[in-house]
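# Let me see the structure of the following:
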Amino acid sequence: MTGLVWFRRDLRLDDNPAWAAATTGHETVAALYVLDPRLLAAAGPHRRARLEAEVAALDVALAERGGRLLVRTGDPVTGVPAEAARLGAAHTYWNADVSPYATRRDQQVAQALPDGGVTTTWGTLVLPPGSVRTGEGRVHRVFGAFHRAWRATAWDPWPEPGAATVLEDPGDGPPAVPGDAGLEAGLEGDGTGVGTAAAVDQLHRFLADGVDRYPASRDDVGLGARGGGGTSALSVALRFGTLSPRHVVSTTGDATAGREAFVRQLAWRDWFAHLLHESPELVHHAQRRELDAIRWLDDPEDLAAWQDGRTGFPLVDAGMRELRATGAMHNRVRMVAASFLVKDLLVDWRHGERHFRRLLTDADPAQNVGNWQWVAGTGPDAAPYFRVFNPVTQSRTHDAGGHYLRRWVPELAGLDDRAIHAPWEAPPLELAAAGVTLGETYPFPIVDHALARHRALAAYAEARA
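Below is the predicted model of the structure:
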């Protein structure tokens, strides 16, 4: 009998428990990807392009095993059961996900398939939800405690794929890998190649030359603009599942401080996923429910200025322009831009979360919501709500030479390494010499940071009271 594997955010054949279960339990296996119009409509151009390229790469990997990827477009709730019935598949396999939409969709698909004909596994996280809990049976609300428990939790390796025959043309239509994006599409955001082999190569390059500098270089915003790379550049591969998070952890190990710090980021990734799985309402509500009562200003003009990269704060503007142009943004800049929207402009964090989720190539609901709530001070962890990032201090600390700013805010490129971070502080003659006219070639700051900080703290305090 044929087994059907429904691929989603696990676009790889190696270290994939759903694929391993199907290929060891059946003589023939069909591979299916369903392009969901709702998810495509919610994704920005960079993520759609990358998805096309990654789906095409999976098709190539299946072709090397003598098969092809069956691609369909439509609602998976009806499409997956229909394909299973048409193929005569006795069993359908997939790796579970934690977002509310995915959970609801998967339950509906399972209900539409024959009883006992579904196997779900967890191939997108290091440890599955429910495996790391407090003594009261809940997910830890402080990351440090979660991380300690996460490190102490043992896990067995996922099984190896079996020798099942992969169907070459498991349908009466074309394999229909979408578009003509090819294997070079959607790469401007992170500069990494497409598919599992490219992701593994990137991991090994990082481990060979970068991981031991990671604690010191990960926040160096200007490093990428100078042609270096202080981060692993693996977030897109992990988002699409071309690289297994368990493979990253087991390959990296903890032999050095840099390796341990890098693996810690995979624990953060698991933590946010576990929290959303336990509390799906976090997409719409503050985890600290009293902070749902914050009186947000939600000024549409301020929100638009932030989205367009014209706030008058160079680091914020550089990040927002990079996001729109490439689908990427350095993590340190993400935190600064998010803090600015929520704390300086007093705009509801949910507006920013939706904007990032649409445009980021590596957008992941659990990570996006978790990080936005962490920065906003509405979520878990011991981080205080009164933490407010100063965009000028952050810029001077993490892009001291102004390399990142000059790349994404070129109208300020003529300013020196100090003035470029806060052009409104520069003398008129210096601005004129650099060709900068505030209010014309570059905006004045749309808010006074010090006053905005006090305003935000008062709004939070009122809600807490």
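# Next, Leu297: secondary structure please.
Following DSSP: H, G, I helix; E, B strand; the rest coil, Leu297 is assigned to coil.
# which stretches of the stretch 301-450 of the chain form helices?
With helices called from DSSP state H, counting those that start in this stretch, the stretch 301-450 of the chain shows them at 314-326, 331-339, 349-359, 365-376, 391-398, 403-408, 428-433, 449-464.
# tell me the mean pLDDT for the last one?
Across helix 449-464, pLDDT averages out at 95.
# same question, the second one
Mean per-residue pLDDT for helix 331-339: 97.
# Which helix in the chain has the most residues?
As assigned by DSSP state H, the longest helix anywhere in the chain is helix 257-278.
# packing partners for that helix?
helix 143-152, helix 214-217, helix 245-252, helix 365-376 (3 or more Cβ pairs under 8 Å, 6 or more residues apart in numbering; DSSP states H and E). Backbone N, C-alpha and C define where each C-beta goes, glycine included.
# neighbouring contacts of the last one?
Looking back up the chat, that one is helix 365-376. 98-101, 269, 271-273, 275-277, 282-283, 286-287, 291, 334-335, 338-339, 342-343, 349-350, 352-353, 356-357, 360, 379-381, 383, 385, 389 (Cβ atoms under 8 Å, 6 or more residues apart in numbering).
# correct me, but Ala305 touches Phe313?
No: taking contacts as Cβ atoms under 8 Å, Ala305 lies outside contact range of Phe313: 10.1 Å.
# following the lowest-mean-pLDDT helix or strand in the chain, which helix or strand comes up?
Scoring the helices and strands of the chain by mean pLDDT, DSSP states H and E places helix 221-225 at the bottom, with a mean of 84. Per DSSP states H and E, helix 221-225 leads on to helix 235-240 as the next helix or strand towards the C-terminus.
# Same drill for Ala305 and Phe313, tell me which one is more crowded.
The residue with more neighbours, out of Ala305 and Phe313, is Phe313; 30 against 20, by other Cβ atoms under 10 Å.
# In space, what's closest to that one - neighbours in sequence excluded?
Pro391 (4.4 Å; Cβ to Cβ, 6 or more residues apart in numbering).
# Can you tell me the closest non-neighbouring residue to Arg65?
Leaving aside its sequence neighbours, Arg65 sits nearest to Val166 (Cβ to Cβ, 6+ apart; 5.0 Å).
# For that neighbour, what are phi and psi?
phi -90, psi 130 (degrees, to the nearest 10).
# residue contacts, it?
Applying Cβ under 8 Å, 6+ apart to Val166 gives the contacts Thr23, Thr28, Val29, Ala30, Ala31, Leu62, Arg65, Gly66, Gly67, Arg68.
# pretty sure the last one is touching Leu167, no?
Which is Arg68. Yes: Arg68 lies in contact with Leu167 (Cβ under 8 Å); the separation is 7.4 Å.
# show me where pLDDT drops low in the stretch 201-350 of the chain?
For the stretch 201-350 of the chain, applying pLDDT under 70 flags the ranges 227-228.
# between the contacts of Val166, which has the most around it?
Ala30 (29 neighbours).
# my guess is that residue contacts Gly88, does it?
No: with contact defined as Cβ under 8 Å, Ala30 does not reach Gly88; the gap is 9.6 Å.
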